[in-house]
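K.L.:
Quick one: sequence and predicted model below, then my questions.
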Amino acid sequence: MAEFTMPSLGADMDEGTLVEWLVEPGDLVRRGDPVAVVETAKSTIEVECFDTGTMTELLVGPGTTVPVGTPLALIGRAEERRPAPHAPKMGKPSEPAEPPASSGPSSPPPEPAPVPVPASSVARLPGHVDAGPLVRHLAEQSGVDLGTLHGTGPGGRVTRTDVEHAAAARTGTGPPRARATPLARRLAAELGVDLATVRGTGRQSAIRASDVRRAAPGPSAPAPPVPAVPTRPSATRPSEDRAAAMRQAIAGLMSRANRDIPHYYLSTTVDMAASTDWLREHNRRSPVGERLLPAALLLKAAALAAREVPELNGFWTDDRFTAGEGVHLGVAVALRGGGLVAPALRHADTLALPQLMNALKDLVTRARTGRLRGSEVSGATITVTNLGDQGVETVFGVIHPPQVALVGFGRVADRPCAVDGLLGVRPVVTVTLSADHRATDGAVGSRYLTAVDRLLQKPEHL
């Protein structure tokens, strides 16, 4: 029996709130499957399972805040199933026992020997149906005979959906209620969303809270009446409270990073003429959906340089450096309403530019809608922050522990510079490096920035 525990989703996370379960007891889960939604001080994250088996018991309910490491659920072996409450016990075939000699008129009659039952006929025995207690209770309430149902769950297990469909067919009351998580049902009632019109994206097409939010009426819907009695600002602006909590968490982590990590800083100016010319030609020849932004070139160069200089790609833990297994590029994303997260583009050095561009768009979208996964918020080996679209020219960032480096890109701007002895105007970008002096020194950092410069001069090879 394995425990599914509240994971650590960052160096600054001490506790998390379970928002929503994406599975139910009896569901088969595989390593890497998202099984729960957890809210931290910085974002809402889908948490993956680290074991394969059957979800046997959920230990913590939605809305509960627990410390990191607290067991949230129990996972049994894949072949395990809850025993059916009324299933008859199987015994070995045996000869009928000789009745014992009577000891007197008051002796009770002997128990009859058990009758052997062939394994092939077990499913036809009354009451012997693979279904959980909640499903049996629902069937009893609905007047559905479980023995007549064909289970659609793992191993032929009868599910709640099977019973609801059978009940609807029996009573002629129309389609059963939509399969949805408890949080999704509560949210739908609050937002006035008809679950029958919502397309579920969870397991077995179950409707999740995020599906309900997407289906909720937009700003064009009539606004609810304003209450006559003023309420406290903290009660009417939860997004601002959340942003404040996020900034407090980020500030605490950065304070510890500044205190504990001996930073050193380097910068260089990179001529972007070759990259911008190549990018302009590539986008001219490409469909709209396949066009690239300058950020794709910058991120790919940062990832390839980290592969060339692995001393900057990894973690400082237990007073020593551990190299990362692959280049997982953390990308700083500003959230709507305030706050910042840095999810990882996994194996960014191996992605072709169109793949990297699509992965970046997907990552930013899910970061801003609270749909990141646990492996994306805790696995970055080096982080990049790009504030060029905000007009910033130079960025000196703070390292995100336990990483040992952070790369900053500013705005690509036209500047006068000398090229081959002649003064001209060229597009340039300032690239900075913040690095941990315990793991590397200025010589290693210089090699990294030189590699970034060299890679950006040949964009066709990125």
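P.N.:
Okay, I see it.
K.L.:
Output the below-cut-off pLDDT ranges for the chain.
P.N.:
79-128, 132-135, 137, 152-155, 160, 171-178, 182, 203-204, 217-243 (pLDDT under 70).
K.L.:
Quick check: beta-bridge partners of the spatially most central residue of it?
P.N.:
The structure's the chain has its C-alpha centroid closest to residue 373; by CA atoms, centre = their mean the separation is 1.6 Å. Bridge pairing for residue 373 (DSSP bridges) gives the partners residue 46.
K.L.:
That one: what's it in contact with?
P.N.:
Residues in contact with residue 373 (CB atoms under 8 Å, 6 or more residues apart in numbering) are 34, 45, 46, 47, 48. No exception for glycine: its C-beta is placed from N, CA and C like everyone else's.
K.L.:
So which of the residues you listed wins on neighbours?
P.N.:
Neighbour counts for the contacts of residue 373 (other CB atoms under 10 Å) peak at residue 45, which has 31 neighbours.
K.L.:
circling back: for the residue nearest to the centre of the chain, give its distance to residue 36.
P.N.:
11 Å (CB to CB, to the nearest Å).
K.L.:
Check the burial of residue 247 by counting its neighbours.
P.N.:
15.
K.L.:
correct me, but it touches residue 335?
P.N.:
No. Using CB atoms under 8 Å, residue 247 is not in contact with residue 335, being 10.7 Å away.
K.L.:
Do a quick rundown of the helices in the stretch 51-200 of the chain.
P.N.:
Counting by DSSP state H, counting those that start in this stretch, one finds helices in the stretch 51-200 of the chain at the ranges 133-142, 160-171, 182-191.
K.L.:
closest to residue 19 out of those?
P.N.:
helix 182-191 (6.6 Å; CB to CB).
K.L.:
and the closest one, what does it pack onto?
P.N.:
Judged by 3 or more CB pairs under 8 Å, 6 or more residues apart in numbering; DSSP states H and E, the packing partners of helix 182-191 are strand 15-21, helix 209-215.
K.L.:
Give me the phi and psi for residue 443.
P.N.:
phi -60, psi -40 (degrees, to the nearest 10).
K.L.:
show me what contacts it?
P.N.:
Contacts of residue 443 (CB under 8 Å, 6+ apart): none.
K.L.:
With residue 319 instead?
P.N.:
Contacts of residue 319 by CB under 8 Å, 6+ apart: none found.
K.L.:
What segments of the stretch 351-462 of the chain are helices?
P.N.:
Assigned by DSSP H, counting those that start in this stretch, the stretch 351-462 of the chain shows helices spanning 353-368, 374-378, 442-456.
K.L.:
which of those sits most buried?
P.N.:
helix 374-378 (a mean of 21; mean count of other CB atoms under 10 Å).
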